[in-house]
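K.L.:
sequence plus predicted model, see below.
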Amino acid sequence: MKSLLRLHRFLGAFSAPMLILFAISGSWQLVNAHKQMKNQPPPPRALHAISDLHMGEDLEGPTKWAYRGVAWLVALSLVVTSTLGLFVAFKVDRSRWIAVAVVSGAVLPLALYLLAHE
């Protein structure tokens, strides 16, 4: 169990910076804060640059493939560490109903959405 917790910790530390970057830049892309709107000042260059990095559209050559490789490693790390986190949540804590409630709170709306759009 200690080795699983250690792996979970290190994979989480590896993927956290990229996950935070994607969460922040993705959230402002939802409201188009990275684009210049009509009759508005242009967004800061840093905001636009990070949004471009998030989408990976302006990258070319070896940089593009290096970025994609890192993005795939982060995605794989996120899947593994999230799975380990769920395993630990159900295995370690004696009050498993809390873990079931939290997971259900995330899975149930997604399942209902998928059922409604069949």
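P.N.:
Received the coordinates, thanks.
K.L.:
and the helix or strand that contains residue 106, what does it pack against?
P.N.:
Using DSSP states H and E, residue 106 maps to helix 96-116. Packing contacts for helix 96-116, counted by 3 or more Cβ pairs under 8 Å, 6 or more residues apart in numbering; DSSP states H and E, involve helix 61-92. From N, CA and C alone the C-beta is placed, and that goes for glycine too.
K.L.:
specify the angle between the helix it packs on and helix 96-116 in degrees.
P.N.:
Angle, helix 61-92 to helix 96-116, by axes from the mean of the first three to the mean of the last three Cα atoms, to 10 degrees: 130 degrees.
K.L.:
buried ones in helix 61-92, by neighbour count?
P.N.:
74, 77, 78, 81, 84, 85 (16 or more other Cβ atoms under 10 Å).
K.L.:
and for stretch 53-60?
P.N.:
By neighbour count, with 16+ other Cβ under 10 Å as the criterion, the buried positions of stretch 53-60 are residue 54.
K.L.:
ok, back up a step: figure out how far the helix holding residue 106 is from the centre of its chain.
P.N.:
Averaging C-alpha positions (Cα atoms, centre = their mean, to the nearest Å) puts helix 96-116 18 Å from its chain's average.
K.L.:
then stretch 49-61?
P.N.:
Worked out by Cα atoms, centre = their mean, stretch 49-61 lies 17 Å from the chain centre.
K.L.:
check stretch 51-68 too.
P.N.:
Remark: stretch 51-68 is offset 17 Å from the chain centroid, using Cα atoms, centre = their mean.
K.L.:
end-to-end on it?
P.N.:
Start-to-end span of stretch 51-68 (Cα to Cα, to the nearest Å) is 15 Å.
K.L.:
returning to that earlier point: may I see the buried residues of helix 61-92 organised as JSON lines, with pLDDT and distance to residue 14 added?
P.N.:
Shown next, in JSON lines, are those (pLDDT from 0 to 100; distance: Cβ to Cβ, whole Å):
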{"residue": "74", "pLDDT": "88", "distance to residue 14": "7"}
{"residue": "77", "pLDDT": "90", "distance to residue 14": "5"}
{"residue": "78", "pLDDT": "89", "distance to residue 14": "9"}
{"residue": "81", "pLDDT": "89", "distance to residue 14": "8"}
{"residue": "84", "pLDDT": "87", "distance to residue 14": "13"}
{"residue": "85", "pLDDT": "84", "distance to residue 14": "14"}
